[in-house]
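Undergrad: I'll drop the sequence and a predicted model, then ask my questions.
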Amino acid sequence: MKTKGASRTVFRCQNCGDAQPKWLGQCPSCNQWNTLVEEKEAPPDRPARRLTEFSSAVTKLSDVTVEKAQRKVTGLGEFDRILGGGVWPGSMVLLGGAPGIGKSTLMMQVAGRLASRDYPVLYVSGEESLGQVKGRATRLNIVNDAVLLLSETNLENILEVVRQNQPKALVLDSIQTVYKSDLAGAPGSVGQVRECAAELLHLAKGIGITVFVLGHVTKEGDLAGPRVLEHIVDTVLYFEAERQQVHRILRAFKNRFGPTNEIGVFEMTGGGLAEVSNPSELFLGEHEAGVPAGTAVIAAMEGTRPLLVEVQSLVSRTLFGMPRRQVAGVDYNRAALLIAVLDKRCGLNLESQDVYVNVTGGLQVREPSADLGIAVAIASACLEKPAPPKTVWLGEVGLGGELRAVPQLGDRLQEAAKLGFTRAVVPRAALKGVRPPSGLELSPVVTLTEALEFVSRR
Ligand code: TYD
Ligand code: MG
């Protein structure tokens with residue numbers, strides 16, 4: 001039944017944006033608890049609008065001409081690489097991350113770089129006063145007349161300033177603070193966030209400027225609010241800290257103009273974010289006096305970049321009851337499978353042992369090609385014998401204990417050679433057509449048992 005005139009309220013899920021006529025404890029569409037918030041429904045005379053409206057006539061694929069838009073390189077190498085080689089005019093980028101991670105710092109640095117390369121930027125802050133923004137810029141050594149600052153939260157006013165000043169890029173810090181005055185709902189509510197983003201998308205596509213939108217992620221790791229934007233923006237970047245909190249990892253989660261799964265590594269310094277151009281060094285432990293038992297180095301791919309990572313394991317006798325398996329940075333089920341293979345196929349007695357596995361540097365390794373390194377770390381810990389030094393382990397382990405080929409072996413070997421590794425233990429099946437880089441000796445093996453001989457021999 002519809003009541004005429006009186007404005008109705010709906011209960012909108014702040015996680016997925018779905019509306020319900022009455023309050024419920026659990027959202028029926030995304031199953032999240034306690035996410036429904038009462039909002040005024042949009043006035044009925046305002047036509048419901050789809051989030052992305054692009055309409056064109058039917059055109060043959062061969063007749064479509066691509067505009068000759070050029071990527072703009074910012075000169076901040078890690079940032080450019082994540083975006084696929086630079087910033088696209090007419091695109092919209094969402095940068096998400098926990099409060100205090102360094103989103104504003106990164107964007108101010110990007111703004112400074114773009115501005116000094118003939119790409120004027122309007123930096124709009126809804127969170128900080130002009131003085132605070134200027135304070136950060138000074139700290140970052142950014143003095144540039146081509147960076148315009150604005151402290152504003154009303155979207156209509158922001159769009160007006162864009163029209164007047166015609167920058168080539170707009171930074172909006174953050175999407176949770178802006179609002180459209182004709183909409184019900186407080187800034188940061190799903191309705192506001194979605195409508196404001198749709199408006200900004202039209203701006204980006206309409207006048208061909210690059211729009212960067214910053215968004216806070218909640219402690220639980222979900223982008224409350226901004227998560228509903230993931231499908232309308234062109235690129236989604238997430239900024240995370242690794243465990244020691246000094247380094248920051250920028251990830252491309254979605255990218256219409258370039259690769260995903262890329263990571264860029266930065267270090268937070270007194271003068272802003274500095275690029276870490278050789279992150280492998282970061283994820284490798286330092287061992288002055290040889291490699292301790294229970295460690296093995298693998299070469300994992302993060303996007304197109306190989307990263308050398310150390311896997312550590314500790315094996316100790318189970319005191320009572322069930323043996324524990326505790327892992328960090330690797331998949332639990334994968335580790336359990338490798339423990340079973342080591343037990344059944346390689347004759348290691350792990351049935352009554354607690355096994356711990358950890359990847360240094362807080363990285364998550366989800367590739368099967370890390371299997372061999374994980375298995376070797378566990379075996380080395382169990383046998384209390386160190387693996388040979390300067391050795392990298394690559395290969396997927398099958399249930400029969402056989403080793404399988406890994407993709408992009410050449411790139412991984414290159415990275416290992418670059419960091420001074422002298423031996424790579426690899427599946428024989430992977431060797432076809434691979435030429436080892438100079439200084440790196442390849443040791444082809446067929447089974448896990450064969451690979452473990454390098455450990456037990458010592
Ligand atoms: P900020 O960019 O404000 O985070 P966000 O926008 O994601 O909330 O950065 C916050 C932290 O970065 C803050 O705790 C101080 C630190 N920082 C530095 O260590 N060095 C610097 O040069 C700057 C500008 C910030
Ligand atoms: Mg900020």
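TA: Yep, that arrived. Numbering: from 1, shown residues only. Ligands and ions are numbered 1, 2, ... in the order given.

Undergrad: rest of the way, CA atoms for contacts and neighbours
TA: Fine.

Undergrad: which strand runs longest in the chain?
TA: The residue-count maximum for a strand in the chain (DSSP state E) belongs to strand 305-317.

Undergrad: elements contacting that strand?
TA: Helices and strands touching strand 305-317, by 3 or more Cα pairs under 8 Å, 6 or more residues apart in numbering; DSSP states H and E, are helix 280-283, strand 295-302, strand 353-359, helix 371-383, helix 409-418.

Undergrad: can you list these in JSON lines and add distance to ligand 1 and mean neighbour count?
TA: As requested, those are arranged in JSON lines below (distance: least, Cα to the nearest ligand atom, whole Å; neighbours: other Cα atoms under 10 Å):
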{"stretch": "helix 280-283", "distance to ligand 1": "19", "mean neighbour count": "18"}
{"stretch": "strand 295-302", "distance to ligand 1": "23", "mean neighbour count": "26"}
{"stretch": "strand 353-359", "distance to ligand 1": "26", "mean neighbour count": "21"}
{"stretch": "helix 371-383", "distance to ligand 1": "34", "mean neighbour count": "27"}
{"stretch": "helix 409-418", "distance to ligand 1": "30", "mean neighbour count": "20"}
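
Undergrad: between those, which one is closest to Leu172.
TA: Across the helices and strands packed on strand 305-317, Leu172 has its closest neighbour in strand 295-302 (28.8 Å, Cα to Cα).

Undergrad: mind listing residues that contact that closest one?
TA: Contacting residues not belonging to strand 295-302 are listed as 261-263, 284, 306-313, 365, 367, 369-370, 373-374, 376-378, 380-381, 386-387, 391-394, 412-413, 415-416 [Cα atoms under 8 Å, 6 or more residues apart in numbering].

Undergrad: what do you get for stretch 266-275?
TA: With Cα under 8 Å, 6+ apart, stretch 266-275 has contacts from 76-78, 102, 105-106, 109, 139-141, 246-250, 265, 276.

Undergrad: so which of the residues you listed belong to strands?
TA: Short answer: the contacts of stretch 266-275 in strands (DSSP E) are 247-250, 265.

Undergrad: among those residues, which two are most distant?
TA: Going by Cα to Cα, the pair spanning those furthest: His247 and Leu250, at 9.9 Å.

Undergrad: give me the common contacts of these two.
TA: 265-266.

Undergrad: my read: Ser104 touches Leu140, true?
TA: No: Ser104 lies out of contact with Leu140 (Cα atoms under 8 Å); the separation is 11.3 Å.

Undergrad: against ligand 1, how distant is His247?
TA: Noted for His247: a distance of 11 Å to ligand 1, by Cα to the nearest ligand atom, to the nearest Å.

Undergrad: how far away is that residue from Gly96?
TA: Per Cα to Cα, to the nearest Å, His247 is found 16 Å from Gly96.

Undergrad: more neighbours, these two?
TA: Using other Cα atoms under 10 Å as the criterion, His247 and Gly96 rank with Gly96 on top: 26 against 23.

Undergrad: make sure Arg81 is indeed in a strand.
TA: No: per DSSP: H, G, I helix; E, B strand; the rest coil, Arg81 lies outside any strand segment and is helix.

Undergrad: what sits against it?
TA: 262, 264.

Undergrad: separation between it and Phe266?
TA: Distance from Arg81 to Phe266, by Cα to Cα: 13 Å.

Undergrad: for Ser380, same thing?
TA: 33 Å.

Undergrad: same check, this time on Glu281
TA: From Glu281 to Phe266 the distance is 13 Å (Cα to Cα).

Undergrad: with Ala111 instead?
TA: 17 Å.

Undergrad: neighbour-wise, which of those two wins?
TA: Ala111 (27 against 23).

Undergrad: list the beta-bridge partners for the closest residue to the more buried one other than its chain neighbours.
TA: Distances taken as Cα to Cα, 6 or more residues apart in numbering put Val121 closest to Ala111, at 6.0 Å, once the chain neighbours are dropped. Applying DSSP bridges to Val121 gives these bridge partners: Val147, Ala169.

Undergrad: how many neighbours does Val121 have?
TA: Val121 has 30 neighbouring residues, counting by other Cα under 10 Å.

Undergrad: dump the residue contacts of it.
TA: Neighbouring residues of Val121 by Cα under 8 Å, 6+ apart: 111, 114-115, 146-148, 167-171.

Undergrad: now distance to Arg317 and pLDDT too, for the residues you listed, in a markdown table please.
TA: Shown next, in a markdown table, are the contacts of Val121 (distance: Cα to Cα, whole Å; pLDDT from 0 to 100):
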| residue | distance to Arg317 | pLDDT |
| --- | --- | --- |
| Ala111 | 56 | 95 |
| Leu114 | 58 | 95 |
| Ala115 | 61 | 94 |
| Ala146 | 64 | 89 |
| Val147 | 62 | 93 |
| Leu148 | 63 | 94 |
| Pro167 | 65 | 95 |
| Lys168 | 63 | 95 |
| Ala169 | 60 | 96 |
| Leu170 | 59 | 96 |
| Val171 | 55 | 96 |
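
Undergrad: among those residues, which two are most distant?
TA: Checked with Cα to Cα, the contacts of Val121 reach their widest spread between Ala146 and Val171, with 13.3 Å between them.

Undergrad: related to what we said a few turns ago, which pLDDT value belongs to the residue nearest to Ala111?
TA: Looking at Val121, its pLDDT stands at 96.

Undergrad: which bits of the stretch 101-250 of the chain sit near ligand 1?
TA: Within the stretch 101-250 of the chain, the residues that sit near ligand 1 (Cα under 6 Å from any ligand atom) are 101-105, 136, 139-140.

Undergrad: at 5 Å what do you get?
TA: 101-105 (Cα under 5 Å from any ligand atom).

Undergrad: just those: which are in helices?
TA: 103-105 (DSSP state H).

Undergrad: show me what contacts Lys260?
TA: Not Lys; residue 260 is Thr. Thr260 makes contact with 82, 251-254, 303 under the criterion Cα under 8 Å, 6+ apart.
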